[in-house]
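>>> No sequence on hand, only this structure:
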C-alpha cells in the first residue's frame, strides 16, 4: 500500500525516528496512522528504557512563572550539552515546569517518597479501612491499593500530563528521550506559590 509522504513526515516528527522507519511503520499498519504511531511509540519507549541506564549529568534548570503567583524551578538532565541546547529539549523542560505549576506534585517519583511519609499515610489508611469494617485478611491489599493511588497523585512521573492526560509525565519523559536519542531524567524541582506556607 502506498503511503503519503506527509503522513511519513508527521510520524517522523512525532516519534523522532528516521523517515525509512516511519514509512515502514505506516506500511506495516496499512496506512493507519494511529496504529503506526502506537507501534513506533512502543519501539521508541523500549529504546528509551535501554538508554535509561546511561548517565545523564548535562541538562538545564528550567523555570516557569504563572501570573507572578506560582513559580517553578526544575532540573532536567540529559547526556550531552548538545541535546541540552536543543529546542526540543528546552521546550520539553518548559512543559514539565508548567505541569509542576499546574499539578503541584510533592515528589519526582514513588522512589523519592520518604519511608516515614509512606508509613504515616499507610497507618491512616489502615485505621480508615478498619473503621469501615473491611475484612482483616484483606487490609494489607486494601491499604496497598490506597497507597498506590494516593502517591500516584502526588508523584510527578505518575501524574497525567496536563497537555495530554492520556500520557503520564513519565511516559512523556520517555517519549522525549526517544526523540532526542539520549537518557533524560527529571532530577528535582521546587514549586513556590504566593501566600502558601510550607
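Great, that's in hand. Small disclaimer: the values here were computed from a predicted structure and weren't measured.
>>> Show me where the chain has its strands.
Ranges of strands in the chain, per DSSP state E, are 58-66, 70-78, 160-161, 164-168, 185-193.
>>> can I get the ones you listed in a markdown table with mean neighbour count, mean pLDDT and distance to residue 90?
Using the backbone N, CA and C atoms, a C-beta is placed for each residue, glycine as well. Formatted as a markdown table, these follow (neighbours: other CB atoms under 10 Å; pLDDT from 0 to 100; distance: least, CB to CB, whole Å):
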| stretch | mean neighbour count | mean pLDDT | distance to residue 90 |
| --- | --- | --- | --- |
| strand 58-66 | 17 | 94 | 7 |
| strand 70-78 | 20 | 96 | 10 |
| strand 160-161 | 18 | 96 | 17 |
| strand 164-168 | 12 | 94 | 19 |
| strand 185-193 | 16 | 94 | 14 |
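>>> Mind putting those strands into a markdown table with distance to residue 91?
Below are the strands of the chain laid out as a markdown table (distance: least, CB to CB, whole Å):
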| stretch | distance to residue 91 |
| --- | --- |
| strand 58-66 | 10 |
| strand 70-78 | 11 |
| strand 160-161 | 14 |
| strand 164-168 | 14 |
| strand 185-193 | 15 |
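>>> just so I know, which of the ones you listed lies nearest residue 116?
strand 185-193 (19.2 Å; CB to CB).
>>> in its sheet, what does the closest one sit against?
When pairing is defined by DSSP bridges, strand 185-193 lines up against strand 70-78 (antiparallel).
>>> What is the neighbour count of residue 115?
If you count neighbours by other CB atoms under 10 Å, residue 115 ends up with 7.
>>> begin at 554 from here
That works, and once the first residue is 554, the last one we named lands at residue 668.
>>> do you know how far the closest residue to residue 733 other than its chain neighbours is from residue 579?
When the adjacent residues along the chain are set aside, residue 733 lies closest to residue 636, with 5.2 Å between them (CB to CB, 6 or more residues apart in numbering). As judged by CB to CB, to the nearest Å, residue 636 and residue 579 stand 27 Å apart.
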